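# give the three-dimensional model of this entry:
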Amino acid sequence: MESHPVPSDSTIKRLSVVGAPRVGLAPAADSFAEAVAASNVAGPTVVTHCAWCVRPRRTPVEKGSAALTSELADLVKSAREFGWASGTMTRIHILYQASQLGWVEVATRKGADTIVELRPTTTEEANPSSLSAVHGLGEQPLHTDGAHLLEPPDVVVLYAEQPNDTPTLLRSLSLKPTSLNQPRIASPSGLRGGLFLVRSGSDRFLASARTDVHGYRYDPGCMTPCDERAREAVRYFEEAQANAHQHEWTEPHQLLVIDNRTALHGRAAVSGSDVDRVLTRIAYRTKVEK
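Numbers count the residues shown, from 1 in each chain. This next block holds a predicted model:
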């Protein structure tokens, strides 16, 4: 999947929130809060999926409510525990709540915007350094975002304004199970001890697939195993993909919050009817307690 910068629009501008980092795109208004309150889309409804829960927990909130800023925090709290969580929320609410929480947006590619649109891309059209350059419209392997960065992002938010037919693949590798249908895979010693050569533009560095500081770091597009322990880690991630959870994008304004330290994500093969699929991706470094 290739990333594309979000196109400019005469009706939107960048705003800075006092006491918060400069964040993404929002409708022109005297303040970000006024822009949220003026949104013509109903306030967000959080839908927290804990994989094995019997039913999702829905918490409707009126737009402009003082409780608005707590919902993204609830989602990331659930993601910290189970690997990911999903809900429905407009993009402006995502950006506003993230700014209120003090999260910092991370560009996962040098010179790129922090808010990008992900579209299915053929191998011929893809950026040479992207996974799409290898896999095109086929299934993409499980990975963490920003694996080529010395400090990868903590949280990845994926947002779909409209439903689509191509699932996002997910697998949590944390200590807690995320589904009764996902068999436990014994973690190999190579996760911590094996060395990968990580390519980051013209720079190179060595890293393991898991550390106590950064959690999981894995992207076969930019990481090459250098020893047998690292190759063992690759086999572990490939086995995890065979039992990955498929997240379906069935609702408008749906978001998926992924703990980038404990869960990997990928994409199912794109069907011919879904070539116009669009996901917005925002990667964050957070101040949320783990």
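# mind listing the helices for this structure?
Along the chain, the stretches classed as helices by DSSP state H are 32-37, 71-82, 91-100, 132-135, 190-193, 228-242.
# give me the below-cutoff pLDDT ranges for the stretch 51-200 of the chain.
Flagging of the stretch 51-200 of the chain using pLDDT under 70 yields the residue ranges 51-70, 122-136, 174-186.
# any idea of the pLDDT on Arg229?
On pLDDT, Arg229 comes in at 94.
# just the one 3 residues further on next, same as before
Model confidence at Glu232, given as pLDDT, is 94.
# turn the helices of the chain into TSV, including distance to Ala207 and mean neighbour count.
Backbone N, C-alpha and C define where each C-beta goes, glycine included. Formatted as TSV, those follow (distance: least, C-beta to C-beta, whole Å; neighbours: other C-beta atoms under 10 Å):
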stretch	distance to Ala207	mean neighbour count
helix 32-37	37	18
helix 71-82	22	22
helix 91-100	27	23
helix 132-135	20	19
helix 190-193	11	18
helix 228-242	10	17
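# Arg277 is nearest to which of those?
helix 132-135 (12.7 Å; C-beta to C-beta).
# tabulate the helices of the chain (a markdown table), appending distance to Leu149.
Compiled in a markdown table, the helices of the chain are given as follows (distance: least, C-beta to C-beta, whole Å):
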| stretch | distance to Leu149 |
| --- | --- |
| helix 32-37 | 27 |
| helix 71-82 | 20 |
| helix 91-100 | 19 |
| helix 132-135 | 19 |
| helix 190-193 | 19 |
| helix 228-242 | 19 |
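# end-to-end on stretch 243-263?
Terminal residues of stretch 243-263 lie 13 Å apart, using C-alpha to C-alpha, to the nearest Å.
# strands of the stretch 151-290 of the chain, start to end?
Applying DSSP state E, counting those that start in this stretch to the stretch 151-290 of the chain gives strands spanning 155-160, 168-172, 196-200, 203-207, 210-211, 215-216, 223-225, 245-247, 254-259, 263-267, 279-285.
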